[in-house]
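Undergrad: A structural model of the following input is requested.
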Amino acid sequence: MIGVAATIRAAKVVDRVAGSSFAVDFGSFASGLLTGLREGVEAALIVSIVVAYLVRTGNAEHIGKIWLGTGIAIVASAALGLVLFNTVGSFQEPYEQIFEGSAMLLAAAVVTWMLFWMRRQAASVKGDLQAAVDRVLDAGGAWGLALLAFTAVIREGVETSLFLVGQVTSAQSNAGSVLVGAVVGLGIATLIGYGFFRGSRRVNLASFFRWTGIALIFIAAGLLSHAIHEFIEIGALGSGPWTQTAFDLSGVLSHDEGVGAFLRAIFGYSASPEVLTLLVHLAYVVATLALYLRPLPPRVPPTRTATQVTGS
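TA: Sure, this is the predicted structure:
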């Protein structure tokens, strides 16, 4: 999740070295904010659930171990984000395009997996975490709580680092805006997590995850189509009708400025996409939205076995 803190410092250093003044691009800022908010809320809720359960069960003396595991996960995520950030742009062509395209493909794949995993597990996350805490305490290894917190948070951290690197790669000159937005989103997520710990129910989590999930699908589609564009540029996908420009709206709605630039930052809009790029973008959005929005099958309670029935 939070490889952002170190990464934004690196971005500021790059800006100073380049001698350019930093100006926030609203579209890139909004894209980063959404990512930081969504992923940050997931991590914050995990930590708040565990801490609240420890307090409620009279095990508040172990909370420090939760913060230790969480802190190590944050540092590890920061290291990953910083390494990936410093790697971007360090290659020569065509390896730079290959790396950037691969980073965006990986980011789109990770966020897609995360959305569907969270959709399936949301109803049981709280119970699963509390059961895991009970197992650790029953085993007498309270330090296992640090490991539990680490493993729960590091997944969110890795996902966020990969997704933000994909967004930064796509945003190019507006990378700083993505990172500033992510930091703001993480700050808001921290407040939501604290409110959840204090017993607040003002945020409808089901609606929050549903709508932010839909928005992330569009952002991921933009990363995916941008990756295809990178591969087309270096000829990795051959040459033919699929690499030709599908249409050109540059004179009407350029993606370099104004509304077009905002749409490019949020949804990956291109005023002159290649045929394959356009088809991949549309196919991903339609297929992923259809799967994401379909109703989940009802949970079937476990049935009692014949042995259990006989023994009861």
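Undergrad: If we go by neighbour counts, what in the helix or strand hosting His281 is buried?
TA: When elements are assigned from DSSP states H and E, His281 belongs to helix 275-293. Buried residues in helix 275-293, defined by neighbour count with 16 or more other CB atoms under 10 Å: 275-278, 280-281, 284-285, 288, 292. No exception for glycine: its C-beta is placed from N, CA and C like everyone else's.
Undergrad: Please name every helix or strand in contact with that helix.
TA: With contacts defined as 3 or more CB pairs under 8 Å, 6 or more residues apart in numbering; DSSP states H and E, helix 275-293 has these neighbours: helix 95-121, helix 205-233.
Undergrad: okay, those, which one's buried deepest?
TA: helix 205-233 (a mean of 20; mean count of other CB atoms under 10 Å).
Undergrad: how much does it deviate in direction from helix 275-293?
TA: 160 degrees (axes from the mean of the first three to the mean of the last three CA atoms, to 10 degrees).
Undergrad: Just the mean pLDDT for helix 205-233, thanks.
TA: Mean per-residue pLDDT for helix 205-233: 85.
Undergrad: what separates it from the chain centre, distance-wise?
TA: Helix 205-233 sits 10 Å away from the centroid of its parent chain (CA atoms, centre = their mean, to the nearest Å).
Undergrad: what's it packed up against?
TA: Using 3+ CB pairs under 8 Å, 6+ apart: helix 205-233 touches helix 26-56, helix 95-121, helix 144-171, helix 258-267, helix 275-293.
Undergrad: for these, which one sits closest to Leu249?
TA: helix 258-267 (8.1 Å; CB to CB).
Undergrad: Can you name the residues in contact with the closest one?
TA: Outside helix 258-267, the residues that touch it by CB atoms under 8 Å, 6 or more residues apart in numbering are 25-28, 30-31, 171, 174, 177, 218-219, 221-222, 253-255, 269-271.
Undergrad: Quick check: buried residues in it?
TA: Buried, per 16+ other CB under 10 Å, within helix 258-267: 260-267.
Undergrad: Tell me the one of those nearest Ala44?
TA: Ile266 (23.8 Å).
Undergrad: Can you give me the distance of that closest one to Val158?
TA: Separation of Ile266 from Val158 (CB to CB, to the nearest Å): 23 Å.
Undergrad: do the same with Leu147
TA: 16 Å.
Undergrad: of these two, who's got more company?
TA: With neighbours defined as other CB atoms under 10 Å, Leu147 and Val158 compare such that Val158 has more, 18 against 15.
Undergrad: Pretty sure the more buried one sits against Ala79.
TA: No. With contact defined as CB atoms under 8 Å, Val158 does not count as touching Ala79 (10.8 Å).
Undergrad: and stretch 226-234, how far out from the chain's middle?
TA: On CA atoms, centre = their mean, the centre of stretch 226-234 falls 22 Å from that of its chain.
Undergrad: Give me the contacts around it.
TA: 93-94, 97-98, 100-102, 104-105, 108, 170, 237, 243, 268, 270, 273-274, 276-277, 280.
Undergrad: how about 7 Å then?
TA: 94, 97-98, 100-101, 104-105, 170, 237, 243, 268, 274, 276-277, 280 (CB atoms under 7 Å, 6 or more residues apart in numbering).
Undergrad: Next, count neighbours for the nearest residue to Gly193 once chain neighbours are set aside.
TA: Closest residue in space to Gly193, ignoring its immediate chain neighbours: Ala44 at 2.5 Å, by CB to CB, 6 or more residues apart in numbering. Using other CB under 10 Å, Ala44 has 25 neighbouring residues.
Undergrad: Can you give me the pLDDT of Ala44?
TA: For Ala44, pLDDT reads 85.
Undergrad: Contacts only, for it.
TA: 189-190, 192-193.
Undergrad: now the helix holding His281: how far from the chain's centre is it?
TA: On CA atoms, centre = their mean, the centre of helix 275-293 falls 19 Å from that of its chain.
Undergrad: model confidence over that helix, on average?
TA: Here the average pLDDT along helix 275-293 is 93.
Undergrad: Could you check the angle that helix makes with helix 258-267?
TA: 60 degrees.
Undergrad: From the rest of the structure, what touches helix 275-293?
TA: Under CB under 7 Å, 6+ apart, the answer for helix 275-293 is 112, 115, 119, 213, 217-218, 221, 224-225, 228-229, 232, 237, 241-244, 246, 268, 270.
Undergrad: re the thing from before, and of the helices and strands packed on helix 205-233, who's closest to Val184?
TA: Across the helices and strands packed on helix 205-233, closest to Val184 is helix 26-56 (CB to CB), at 5.4 Å.
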